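# pasted the sequence and its predicted model underneath.
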Amino acid sequence: MTTTGRQAAKESSGQRVADWFDGRLGTHSLGKKYLRKVFPDHWSFLLGEICLYSFVILILTGVYLTLFFHPSMNEVTYHGSYVPLNGVRMSEAYASTLDISFDVRGGLLIRQIHHWAALIFIAGMLMHMMRHFFTGSFRRPREVNWLFGWTLLLLGLFEGLFGYSLPDDLLSGTGMRFVDGAILSVPIVGTYLSFFLFGGEFPGHDIIARFYSLHILVIPGIMAALVVAHLILVVYHKHTQFPGPGKTERNVVGAPFMPVYMAKAGGFFFLVFGVIALISAVASINPVWSYGPYRADQVSTGAQPDWYLGFAEGLVRIMPGWEINVAGHTLVLGVLIPIVVFPLLLVFIGAYPFLESWITGDKREHHLLDRPRNRPIRTSIGTAWISIYLILLAGGGNDIVATRFHLSINTVTWAVRIALFVLPVIVFVATRRICLALQLRDRELVLHGRETGVIKRLPHGEYVELHRPLSPAELHTLTQHEQPRRLVLGPAEDTNGVPSPNRRMPMLRLRARLSRALYGEGTQVAKPTAEEYRQAHRPNEHPADELPAVEQQPGERQMREHQVSERQVSEAGPPDG
Ligand code: HEM
Ligand code: HEM
């Protein structure tokens, strides 16, 4: 057979396989539709991929760990390779974690990869969530996908807590003691709940096995289903994109799934895996052998949860130890208030898309992202929220901060208490001002172009700096956004003196107030109108238009070539607000 003959035979067998699948699964039409799906190119879209890949790594390493981990609280005497604990009585769970670390081939590395991937997974989710928050990608039609993501974050926090508790070392047992304390503080039913969860008095004999089922089966199962639903919705809605020339609410500009995105994404998976493996190989995490087995009468110093639960720990640590007695029941407010505030902080973020669309009344679809500076109040709420999270994280480590910096723990606790109320306000105000300053800068750039540093002397002796007008693409990016108006209730009475019904509706009044806070005076800098733009660029009004009057400087030709067309000006349009 000739070479071409062989090739043809090979192609036809490939073709036959493809036909076989197409006939049964409809792969041809599916592939035709989805393999050309376009993905926009922006680094922040990689955050979602980091979440996805670290989730896959968690499942792969988690399955390996299940082969050797024994989720049992039965007491055994340790006789493994770690000599300092030889002869010590401990739970089977702890003994098997020591075996994974010292006796199972590659066990310690896999444990470390699992733990580091968990930390990176949740950091990735938080950053991914904040990128959606700051750019407004949660708006219609993506509110449901936001909720799916938010649920994933919540489940991720609990999944991490349960995993952290499994080895049954002194640190994880202290974490469980914390959970027990929080449950006990629930009024009336707290004790019952605690007995129910732990199968008797804390720590009982069941909790590791129960957390194990939740950790390897129930929660990952729900999370995997949610991730699939999340990604199906990303494909169904199509990607949002940052504003720019050629990008509209009706198209997506970027590279196709096959082959460009596929190659990039495949490479990025190995990059994420490689970096996590490298960190795990060089940076020890959760060295359970040095903490010893859990005993309910002991607690180690410097006990910390993993970073993502630090804010819950911080809330409890900075609360004064208030207790009150109501109808014969002791209410431990020092713990009860934090366990109410903790979910509220998360619920606020989860509900934000619905809250914002209720306030603004904006029910339209949005596929173009906001530049965070153009929504100063939303951006400020986001940064203030992050500051609360971070300050509480510092509160959760008040003992570490105190010992490392040689401070009194009371000073650190008081500093965190004060900062919790003061810092978010400062961050809010500073972010708002920065956003407004950036809007002002955009306005200046549109009207006067970029400063070039080139000074020109006019015939009558005046010195002026040359400004380079922006390119049409830059002009479009800086002026394409809408400037929403605030909700106005209208006059209190009509012309006949009849009070307006609007005024009597408290929810509407609240909406109007919140809308004023979001889009009212002082929340945006009016973007330049076409008229202002024309004025600023009238011949002889602007030094950039007078270039021929003086000697040619490098780049001047380019400056004149970048004059903006009338079409661009009309696209920019007048501000709505
Ligand atoms: C297991 C966790 C998660 C995974 C694997 C994941 C994965 C992804 C991926 C790959 C994308 C498309 C790329 C991108 O826009 O970044 C995406 C989009 C999205 N994610 Fe997530 N995500 C997770 C958690 C979250 C969380 C915690 C939120 C928010 C609370 C969220 C909200 C969204 C939204 C609203 C979109 C659509 C945005 C758009 O089309 O631009 N996701 N997610
Ligand atoms: C999706 C997110 C997951 C997170 C955030 C997570 C987190 C954790 C953490 C922080 C630990 C403690 C590790 C240590 O010993 O230092 C752990 C342990 C463990 N995880 Fe996961 N995990 C996840 C998924 C899974 C899955 C899917 C499985 C199994 C299929 C699994 C199986 C295990 C086992 C067996 C242990 C105990 C072994 C040990 O601690 O050495 N995990 N997990």
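Noted; the coordinates are in hand. Numbering: from 1, shown residues only. Ligands and ions are numbered 1, 2, ... in the order given.
# around ligand 2, which positions in the stretch 1-150 of the chain sit nearby?
Within reach of ligand 2 by C-beta under 6 Å from any ligand atom, the stretch 1-150 of the chain has these residues: 55, 58-59, 62-63, 65-66, 69, 97, 100, 111, 114-115, 118, 121. In short, each C-beta sits where N, CA and C put it, glycine included.
# repeat that for 5 Å
58-59, 62-63, 65-66, 69, 97, 111, 115, 118 (C-beta under 5 Å from any ligand atom).
# next one: the stretch 201-350 of the chain
Counting by C-beta under 5 Å from any ligand atom, the residues of the stretch 201-350 of the chain close to ligand 2 are 216, 220, 286.
# tell me the secondary structure at the last one.
Classification of residue 286 by DSSP: H, G, I helix; E, B strand; the rest coil places it in coil.
# contacts only, for it.
Neighbouring residues of residue 286 by C-beta atoms under 8 Å, 6 or more residues apart in numbering: 111, 115, 164, 167, 171.
# most neighbours out of the residues you listed, which is it?
Neighbour tally across those (other C-beta atoms under 10 Å): the maximum, 28 neighbours, falls on residue 167.
# doesn't that one lie inside a strand?
No: under three-state DSSP, residue 167 falls outside any strand and is assigned coil.
# identify the residues contacting it.
93-94, 97, 286, 288.
# and of the residues of the stretch 201-350 of the chain next to ligand 2, the nearest to residue 262?
residue 220 (25.7 Å; C-beta to C-beta).
# check which helix or strand covers the closest residue to the closest one other than its chain neighbours.
Nearest non-adjacent residue to residue 220, counting by C-beta to C-beta, 6 or more residues apart in numbering: residue 59, 6.6 Å away. Secondary structure from DSSP states H and E places residue 59 in helix 46-66.
# in a strand, residue 330, correct?
Yes: Residue 330 forms part of a strand when assessed by three-state DSSP.
# could you list everything it pairs with in the sheet?
Assessed by DSSP bridges, residue 330 has beta-bridge partners residue 325.
# measure it to residue 194 for me?
Distance of residue 330 to residue 194, given as C-beta to C-beta, to the nearest Å: 15 Å.
# those two: which has the busier surroundings?
Set residue 330 next to residue 194 and count neighbours by other C-beta under 10 Å: residue 194 wins out with 21 against 12.
# confirm for me that that one is in contact with residue 182.
No: with contact defined as C-beta atoms under 8 Å, residue 194 does not count as touching residue 182 (9.6 Å).
# mind listing the helices for the stretch 101-250 of the chain?
Shown for the stretch 101-250 of the chain, the helices assigned by DSSP state H, counting those that start in this stretch span residues 107-135, 143-165, 170-184, 190-198, 207-213, 219-237.
# can you list those helices in JSON lines and add mean pLDDT and distance to residue 43?
Converted to JSON lines, the helices of the stretch 101-250 of the chain look like this (pLDDT from 0 to 100; distance: least, C-beta to C-beta, whole Å):
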{"stretch": "helix 107-135", "mean pLDDT": "98", "distance to residue 43": "10"}
{"stretch": "helix 143-165", "mean pLDDT": "97", "distance to residue 43": "19"}
{"stretch": "helix 170-184", "mean pLDDT": "94", "distance to residue 43": "35"}
{"stretch": "helix 190-198", "mean pLDDT": "95", "distance to residue 43": "43"}
{"stretch": "helix 207-213", "mean pLDDT": "97", "distance to residue 43": "37"}
{"stretch": "helix 219-237", "mean pLDDT": "97", "distance to residue 43": "17"}
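# and residue 385, what element?
Assigned by DSSP H and E, residue 385 belongs to helix 376-396.
# pLDDT weak spots in this protein?
1-11, 502-504, 539-577 (pLDDT under 70).
# does residue 302 belong to a helix, a strand or coil?
Under three-state DSSP, residue 302 falls in the coil class.
# count the residues that sit near it.
Other residues close to residue 302 by other C-beta under 10 Å number 10.
# surely it touches residue 400?
Yes: assessed by C-beta under 8 Å, residue 302 is found in contact with residue 400 at 5.8 Å.
# show me which residues of the stretch 1-150 of the chain sit near ligand 1.
Contacts of the stretch 1-150 of the chain with ligand 1, taken as C-beta under 5 Å from any ligand atom, map to 45, 48, 51-52, 125, 129, 132, 137, 142, 145-146, 149-150.
# neighbour count and distance to residue 430 added to the residues you listed, as JSON lines?
Conversion of those to JSON lines gives the following (neighbours: other C-beta atoms under 10 Å; distance: C-beta to C-beta, whole Å):
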{"residue": "45", "neighbour count": "18", "distance to residue 430": "28"}
{"residue": "48", "neighbour count": "20", "distance to residue 430": "29"}
{"residue": "51", "neighbour count": "27", "distance to residue 430": "29"}
{"residue": "52", "neighbour count": "20", "distance to residue 430": "34"}
{"residue": "125", "neighbour count": "24", "distance to residue 430": "26"}
{"residue": "129", "neighbour count": "22", "distance to residue 430": "22"}
{"residue": "132", "neighbour count": "23", "distance to residue 430": "22"}
{"residue": "137", "neighbour count": "22", "distance to residue 430": "24"}
{"residue": "142", "neighbour count": "22", "distance to residue 430": "29"}
{"residue": "145", "neighbour count": "21", "distance to residue 430": "31"}
{"residue": "146", "neighbour count": "23", "distance to residue 430": "27"}
{"residue": "149", "neighbour count": "23", "distance to residue 430": "28"}
{"residue": "150", "neighbour count": "21", "distance to residue 430": "27"}
